[in-house]
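**Q** please work out how this folds:
(one chain, ligands or ions: 1)
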Amino acid sequence: FKRPATAASAAYSTGGGGGGCTCTSKKLEGKVALITGGASGLGKATASEFLRHGARVVIADLDAETGIKTAKELGSEAEFVRCDVTVEADIAGAVEMTVERYGKLDVMYNNAGIVGPMTPASISELDMTEFERVMRINVFGVVSGIKHAAKFMIPARSGCILCTSSVAGVTGGLAPHSYTISKFTTPGIVKSAASELCEHGVRINCISPGTVATPLTLSYLQKVFPKVSEEKLRETVKGMGELKGAECEEADVAKAALYLASNDGKYVTGHNLVVDGGMTAFKIAGF
Ligand code: NAD
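**A** Numbers count the residues shown, from 1 in each chain. Here you go, the predicted structure:
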């Protein structure tokens with residue numbers, strides 16, 4: 001059963017959706033998505049989820065070797081483009097390549113990010129060069145991605161932009177200062193852009209994942225707990241949320257991205273969707 005889209009639902013669709021009906025099993029049929037940091041971890045899981053829902057996906061990543069491998073693994077509707085998000089010309093090039101190849105860009109996911117150095121722990125000794133490096137990837141890269149996607153989405157009067165923040169951008173003290181500061185900026189960037197882009201029918205939202213056992217998290221935790229095995233760390237991460245009976249998986253974040261990117265989220269913009277199994281609720285409540 002497929003309900004035909006009404007004129008009203010088509011008019012109010014703000015892009016990134018799978019048509020006027022949410023009952024279809026493929027929520028991104030015919031859509032084109034570009035995912036930075038898509039070679040690994042959460043970006044790869046999201047690419048896989050988007051592909052499963054009928055999208056064509058361009059993976060933009062600094063790591064060409066892993067990116068090419070990932071694109072091959074994900075199948076013929078996925079392709080890789082090398083892109084360093086700290087270089088504006090690279091982002092512009094990845095967006096232009098996508099639009100030239102597929103004729104449009106429906107979903108831009110600014111997901112690439114790094115944690116940066118663990119030490120020194122004190123802000124009084126912060127290495128400003130390292131701080132700048134983290135900000136260039138986690139902040140400049142996001143703003144640059146929004147800018148270049150918006151160039152195509154504004155005239156198209158359609159599109160959906162996603163950005164990855166973190167629970168570290170909801171509550172302090174979970175990660176090194178540079179990372180925490182960079183991730184607190186993401187919801188602000190999203191609010192600022194949303195206030196303008198909604199006028200053009202373009203939605204922009206943010207996802208703040210809890211701790212997921214990706215290469216980023218595991219290398220961070222291995223530095224903090226060098227004697228604990230990777231297997232044990234993975235197990236610990238899975239149970240880090242407070243929600244009983246649920247384990248944290250990459251797919252949980254990918255499904256949140258699917259919701260926001262698809263027509264299911266057509267009335268949602270400027271939002272920060274926290275996917276953390278109650279981790280920050282617990283910390284904020286202070287039990
Ligand atoms: P990951 O290390 O598995 O993937 C990150 C990807 O970004 C890698 O493929 C890497 O090559 C790429 N990348 C790094 N620098 C880049 C650059 N300059 N240009 C282009 N690509 C670059 O990590 P992940 O855990 O999947 O992280 C993805 C995003 O999710 C990051 O923004 C991270 O901060 C955020 N996040 C992760 C977690 C978690 O627990 N894994 C929690 C909250 C937020």
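
**Q** what does the stretch 1-150 of the chain have sitting close to the ligand?
**A** Contact residues (CB under 6 Å from any ligand atom) of the stretch 1-150 of the chain with the ligand: 36-37, 39-43, 61-63, 83-86, 111-114, 137. (Glycine included, C-beta is placed from N, CA and C.)

**Q** give me the PyMOL select line for these, limited to the buried ones.
**A** Filtering these down to the buried ones (16 or more other CB atoms under 10 Å) takes a single PyMOL command:
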select buried, resi 36+37+39+40+41+42+43+61+62+83+84+85+86+111+112+113+114+137
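
**Q** in strands, which of the residues of the stretch 1-150 of the chain next to the ligand fall?
**A** Members of these lying in strands (criterion: DSSP state E): 36, 61.

**Q** how close does the spatially closest residue to residue 62 that is not a sequence neighbour sit to residue 250?
**A** Nearest residue to residue 62 in three dimensions, chain neighbours excluded: residue 84, at 5.0 Å (CB to CB, 6 or more residues apart in numbering). Relative to residue 250, residue 84 is positioned 23 Å away (CB to CB, to the nearest Å).

**Q** tell me which residues are up against stretch 227-237.
**A** 211, 212, 213, 217, 218, 221, 222, 225, 248 (CB atoms under 8 Å, 6 or more residues apart in numbering).

**Q** tell me the pLDDT of the third one.
**A** Going back to what we said before, that points to residue 213. We have a pLDDT of 93 for residue 213.

**Q** the fifth one now?
**A** If you check residue 218, the pLDDT there is 91.

**Q** can you check which helix is longest in this structure?
**A** helix 177-197 (DSSP state H).

**Q** worst-scoring helix or strand of this structure, pLDDT-wise?
**A** helix 7-12 (a mean of 35; mean pLDDT, DSSP states H and E).

**Q** contact partners for whichever residue of the stretch 51-200 of the chain sits closest to the ligand?
**A** Nearest residue of the stretch 51-200 of the chain to the ligand (CB to the nearest ligand atom) works out as residue 113 at 2.2 Å. With contact set as CB under 8 Å, 6+ apart, residue 113 has these partners: 37, 137, 138, 141, 164, 166, 182, 183, 216.

**Q** if we use 10 Å, what do you get?
**A** Neighbour list for residue 113: 36-37, 41-43, 85, 134, 137-139, 141-142, 163-166, 179, 182-183, 186, 216 [criterion: CB atoms under 10 Å, 6 or more residues apart in numbering].

**Q** can you check residue 167 too?
**A** 174-175, 180, 183, 208-211, 240-241, 274-277, 279-280, 283.

**Q** 6 Å instead, please
**A** 208, 210, 276, 279, 280 (CB atoms under 6 Å, 6 or more residues apart in numbering).

**Q** narrow the residues you listed to those in helices?
**A** Applying DSSP H to those, the entries found in helices are 279, 280.

**Q** picking up where we left off before, near the ligand too, which of the contacts of stretch 227-237?
**A** Answer for these near the ligand (CB under 6 Å from any ligand atom): 211, 212, 217.

**Q** make TSV from these and add neighbour count to it.
**A** Formatted as TSV, those follow (neighbours: other CB atoms under 10 Å):
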residue	neighbour count
211	22
212	22
217	19
